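# Generate coordinates for the sequence data below:
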Amino acid sequence: MASRTRIKGGPSGASKPGRRRARGSEQLTIDGKTLAVATWAHRFGLAAAMVRRRLARGYSGRAALFVPSGTGRMHGIRILAVGEDPHVLAALGTANVTVVRDLAGARRWLGEGPKPGETEAVIVATEELPAREAARIVAAIGWERAIALYGTGPLPAALEREARGRGDRCWCMESAEDLPRFLRFAAAVDRCGDATVALAVADLATRGEVKPNLTQIIALSATDASSEDICQALRVGPNTLKTHVRHLLQATKEPNLDRLGKRVLRMAMARAHEHLLDTPASR
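As a prediction, this is how the structure comes out:
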């Protein structure tokens, strides 16, 4: 595995030029070759600040340089990646993702907690670490969170036992292309508390390419939340909310939030009815 080495450039109270020299002295070793982080970043056409930010979030040196930087930060949601899967990280791009490989790292992430108005999502790369360790990490995180178990092969037995009967906030996926929809589901289910409604929100938001922070507004509109309630939940002011709602209505082609909330509830009811018809007891 690629390793990295940090070199401290002076005391925390150093002057601004001293701090710049300290950042410039940070070293990164990949495949036995050691260069300054800024040099690696320049060779790959990346911003050195972004590479440092990825390293601080647990990325390996190789992933910090090789993962594309296309998506930008996803406002309104913080993401924990358990195991470093290149397909997952490539799908997330430069989103605010923290990568952990052990229980201690997961506990640190839990200790940090979300920012006001932020929701959470957990993605477990089932093929990147031992199944028992993954099961221990997920148990510590808590199955009440939205969790995606990602892997191209069968789900490991240890994780399958843990996931069975854990409700409908746990997803199993074989393609990283499903991650944007899952992230919108995670943002919605934290706000509305109902997985069926959250699925309808995720479908609608994915079609309109709505960002997670705006996805939360769709979910709240389905709960009859007032504008004041939404501002408080998202920690935004009335004018910011008006701007968000304008973009949201343009993306979903609805005239107002009330109509948008009713549309979500109709979609959720239709989904629930289809699920009922598919159960053996209804035949």
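# Point out where the stretch 51-200 of the chain drops to low pLDDT.
The stretch 51-200 of the chain contains residues with pLDDT under 70 at 68-74, 93-95, 165-167.
# where do the helices sit along it?
Along the stretch 51-200 of the chain, counting by DSSP state H, counting those that start in this stretch, helices occupy 61-66, 86-92, 103-112, 131-141, 157-163, 179-192, 195-207.
# and the closest residue in space to Asp194 that isn't next to it in sequence, what element?
Ranked by C-beta to C-beta, 6 or more residues apart in numbering and with sequence neighbours excluded, the top spatial neighbour of Asp194 is Ala268, at 7.5 Å. No exception for glycine: its C-beta is placed from N, CA and C like everyone else's. Following DSSP states H and E, one finds Ala268 within helix 257-278.
# Please name every helix or strand in contact with that helix.
In this structure, helix 257-278 packs against helix 195-207, helix 212-221, helix 238-252, with contacts taken as 3 or more C-beta pairs under 8 Å, 6 or more residues apart in numbering; DSSP states H and E.
# so who does the closest residue to Asn256 other than its chain neighbours touch?
Of all residues not flanking Asn256 in the chain, Leu249 sits nearest, at 7.0 Å (C-beta to C-beta, 6+ apart). Residues in contact with Leu249, defined by C-beta atoms under 8 Å, 6 or more residues apart in numbering, are 255-257, 260.
# Quote the end-to-end distance of stretch 28-45.
Distance between the two ends of stretch 28-45: 16 Å, counting by C-alpha to C-alpha, to the nearest Å.
# Same question for stretch 80-99.
Taking C-alpha to C-alpha, the first and last residues of stretch 80-99 lie 6 Å apart.
# contacting residues around Met254?
Check again: residue 254 is Glu, not Met. Counting by C-beta under 8 Å, 6+ apart, Glu254 makes contact with 260, 263.
# mind running it again at 6 Å?
Applying C-beta atoms under 6 Å, 6 or more residues apart in numbering to Glu254 gives the contacts Leu260.
# Tell me the backbone dihedrals of it, please.
Backbone torsions for Glu254, taken as degrees, to the nearest 10, come to phi -120, psi 150.
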